[in-house]
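Enquirer: Sequence first, then the predicted structure, then my questions.
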Amino acid sequence: MDYVLQLAAAFSGSMGFALLFQVRRGKLLLASLGGLLAWAVYLALGPAIPQDVPRFFIASVALTIYGETLARVVKCPATLFLVTAAVPLIPGGSLYHTMRYFVAGDFTACSAQGLSTMLLALAIAAGMIVPTSLFQLVRRVRVWRQRRDELKK
Amino acid sequence: MEQRRQSFFSADDANYLARAEAADRANEYLYRVLDIGQYMLQSGAEISRVEDSIRRLCTSFGAERTDVLSITSSIIVTIYAPQFGAVTQTRRVGGQQYDLHRLELLNQLSRRICTEYLSLEETEAALDDIRSAPQYPFGVQLLTYALISASFSLFFGGSVLDAVASGLIGVVLRYLDRSIRSTEANAFVSSLICSCLGGLLAALSVRIGLGESVDMISIGNIMLLIPGIALTNSLRDMFTGNTISGLLRFSEAILLALTIAFGFAAVAALM
């Protein structure tokens, strides 16, 4: 039940940010589903991997594959889906707590929380890079092959 | 040697004029290309996309070689072709605001320019259309702020009542944000005021019985203000080799987060 609520909130949160970033109707649902997918992957990995960082990484890889594929299907920049679908993963709360400890003068808690915030953000960013680079590689190989075939003719 | 030097300096006038004219036209084209680049950057495009689009556009306008450097706040382009020599323009870019719809339109436009070789006038007209493309009406934006706040209040474990309170405060923050924006105060001042008021309203709503936990109400509003997306994107920029932009965005995000935490903490200490 808790999970269902979280998934619903991930969906509506993503939709909120998609609206805030002016995503238009047709893509709104797709972008919000990306957020749902990212959180679903994170939750599903729970029993297998207890640590947050690898879970965030894999969830981020999943949402990037989703976003890059959709971008090719509906012909629009992948950023549109990546930014909005990553919303449930974004360590906003964690970043806030880090700075809160800093303001309160609790530097031990601040550095521990700050490190975990950085690791989570790194995991998400790295998770986005891997599939994007692979997609680019595939495209380059395709272009290169096309050119080679034209040269043969 | 002497012969060669002479041919350099005594360029015949016709040739010189043609070159100057070509350079003029190149400058005008480049100006439009920079417009596109600027809007892309302001709408939240990645640095690599902006640089890549500018390179393609310049090539389609007839540049033989294009050197682009873009960071989040500036674009520098030099194009070269034998007809007009080297032409350079720079552009200072400010005020980023995610607008993914506009980014999509700009992307389409730059593709169209590259495949259909639009004229200068057609490009200008298309850019004007994009600039005047409507955003969501203010009512929808109010709802959006409420939706985000309520969602994250629930997401982090708040009760339904907390979510309602958070959503209502979100609406107030949107109003506040608009009025602060109209005075053109800088981002830090606006964040500080929004976070102070957010914290105050959260504490008040718990006192009057709307909502149970100040923290759970606040977290929904914090997600509206905190630059989490900017932080993640800054790391992504650094990974893709755009270190300067990444560092710029990174430090901006950290400072903004600090300001927001300070705002909420100051109110919590006072109450």
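Expert: Thanks, I have the structure now.
Enquirer: In chain A, what helix or strand scores lowest on average pLDDT?
Expert: For chain A, counting by mean pLDDT, DSSP states H and E, helix A:92-104 ranks last in confidence among helices and strands (a mean of 84).
Enquirer: ok, now which ones touch whichever residue of the stretch 1-150 of chain B sits closest to chain A?
Expert: Distance from chain A to each residue of the stretch 1-150 of chain B (C-beta to the nearest C-beta) is smallest for B:Ile148, at 3.5 Å. Every residue, glycine included, has its C-beta placed from N, CA and C. Residues near B:Ile148 by C-beta atoms under 8 Å, 6 or more residues apart in numbering or on different chains: A:Gly13, A:Gly16, A:Phe17, A:Leu20, B:Gly170, B:Gly220, B:Met223, B:Leu224.
Enquirer: Same question for B:Ala63.
Expert: The neighbours of B:Ala63, taking C-beta under 8 Å, 6+ apart as the test, are B:Ala26, B:Ile79, B:Tyr80, B:Ala81.
Enquirer: please redo it, this time with the cut-off set to 10 Å
Expert: If a contact means C-beta atoms under 10 Å, 6 or more residues apart in numbering or on different chains, then B:Ala63 has B:26, B:29-30, B:33, B:55, B:57, B:77-81, B:83-84, B:86-87 as its contacts.
Enquirer: Nearest to A:Val74 among those residues?
Expert: Distance from A:Val74 was checked for each of these by C-beta to C-beta. The minimum falls on B:Leu57, at 23.3 Å.
Enquirer: follow-up on the earlier one: could the contacts of B:Ile148 be laid out in CSV, adding neighbour count, secondary structure and pLDDT?
Expert: Rendered in CSV, the data for the contacts of B:Ile148 read as follows (neighbours: other C-beta atoms under 10 Å in any protein chain shown; DSSP: H, G, I helix; E, B strand; the rest coil; pLDDT from 0 to 100):
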residue, neighbour count, secondary structure, pLDDT
A:Gly13, 29, helix, 91
A:Gly16, 27, helix, 90
A:Phe17, 28, helix, 90
A:Leu20, 23, helix, 88
B:Gly170, 28, helix, 91
B:Gly220, 32, helix, 87
B:Met223, 26, helix, 87
B:Leu224, 26, helix, 86
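Enquirer: Pull the most distant pair out of those residues.
Expert: Comparing all pairs in the contacts of B:Ile148 by C-beta to C-beta, the longest separation belongs to A:Leu20 and B:Gly220, at 13.8 Å.
Enquirer: So for those two, which residues contact both of them?
Expert: Between them, A:Leu20 and B:Gly220 share these contacting residues under C-beta under 10 Å, 6+ apart: B:Tyr145, B:Leu147, B:Ile148.
Enquirer: Check the contact between the first one and A:Leu20; I expect there is one.
Expert: Read it as B:Tyr145. Yes - in this structure B:Tyr145 lies within contact range of A:Leu20 using C-beta atoms under 10 Å: 7.7 Å.
Enquirer: Name the residues contacting each of these two.
Expert: Shared between the contact lists of B:Tyr145 and A:Leu20 (criterion: C-beta under 10 Å, 6+ apart) are residues B:Arg174, B:Leu224.
Enquirer: ok, and does the lengthiest helix in chain A reach over to chain B?
Expert: Scanning chain A for the helix with the most residues, using DSSP state H, yields helix A:107-152. Yes - when contact is scored as C-beta under 10 Å from any C-beta of the partner chain, part of helix A:107-152 falls within range of chain B: A:114, A:117-118, A:120-130, A:132-133.
Enquirer: Let me see the mean pLDDT of that helix.
Expert: Computed over helix A:107-152, the mean pLDDT rounds to 89.
Enquirer: what's the answer for stretch A:35-48, then?
Expert: Per-residue scores along stretch A:35-48 average to 90.
Enquirer: Now do it: distance to the chain's middle.
Expert: In terms of C-alpha atoms, centre = their mean, to the nearest Å, the centre of stretch A:35-48 is found 12 Å from the chain centre.
Enquirer: go on, stretch B:91-102?
Expert: Here the centre of stretch B:91-102 is set off from its chain's centre by 3 Å, with C-alpha atoms, centre = their mean.
Enquirer: Tell me how many other residues crowd B:Glu104.
Expert: Around B:Glu104 there are 22 other residues, counting by other C-beta atoms under 10 Å in any protein chain shown.
Enquirer: so where does it fall, helix or strand?
Expert: Under the assignment given by DSSP states H and E, the secondary-structure element containing B:Glu104 is helix B:100-116.
Enquirer: residues in contact with residue 95?
Expert: Since you didn't name a chain, this refers to chain A. A:113-114, A:117-118, A:120-121, B:222, B:226-228, B:231-232, B:253-254, B:256-258, B:260-261 are the contacts of A:Leu95 under C-beta under 10 Å, 6+ apart.
Enquirer: could you do chain B instead?
Expert: B:Gly95 makes contact with B:Gln42, B:Ser73, B:Glu184, B:Ala187 under the criterion C-beta under 10 Å, 6+ apart.
Enquirer: 6 Å instead, please
Expert: With contacts defined as C-beta atoms under 6 Å, 6 or more residues apart in numbering or on different chains, B:Gly95 is in contact with no residue.
Enquirer: Now do the longest helix of chain A: which elements does it pack against?
Expert: In terms of contacts (3 or more C-beta pairs under 6 Å, 6 or more residues apart in numbering or on different chains; DSSP states H and E), helix A:107-152 is packed against helix A:52-74, helix A:92-104, helix B:228-239.
Enquirer: Isn't A:Ala84 up against A:Ala18?
Expert: Check again: residue A:84 is Thr, not Ala. Yes - the pair A:Thr84 / A:Ala18 is scored as a contact, 4.3 Å apart, by C-beta atoms under 6 Å.
Enquirer: Please enumerate the shared neighbours of the two.
Expert: Contact criterion C-beta under 6 Å, 6+ apart; residues bridging A:Thr84 and A:Ala18 by contacting each: A:Ala31.
Enquirer: out of these two, which sits in the busier spot?
Expert: For A:Thr84 against A:Ala18, the residue with the higher neighbour count under other C-beta under 10 Å is A:Thr84, and the figures read 30 against 27.
Enquirer: Could you check the pLDDT of that one?
Expert: At A:Thr84 the predicted local distance difference test score is 89.
Enquirer: And the one 4 residues further on, by the same measure?
Expert: Turning to A:Pro88, the model gives it a pLDDT of 89.
Enquirer: Provide the secondary structure category for it.
Expert: Using DSSP: H, G, I helix; E, B strand; the rest coil, the secondary structure recorded for A:Pro88 is coil.
Enquirer: who are the neighbours in contact with it?
Expert: Going by C-beta under 6 Å, 6+ apart, A:Pro88 touches A:Ala10, A:Gly35, A:Ala38, A:Trp39.
Enquirer: Could you rerun that using 8 Å?
Expert: Contact analysis of A:Pro88 by C-beta under 8 Å, 6+ apart lists A:Ala9, A:Ala10, A:Gly13, A:Ser14, A:Gly35, A:Ala38, A:Trp39, A:Tyr42, B:Phe155.
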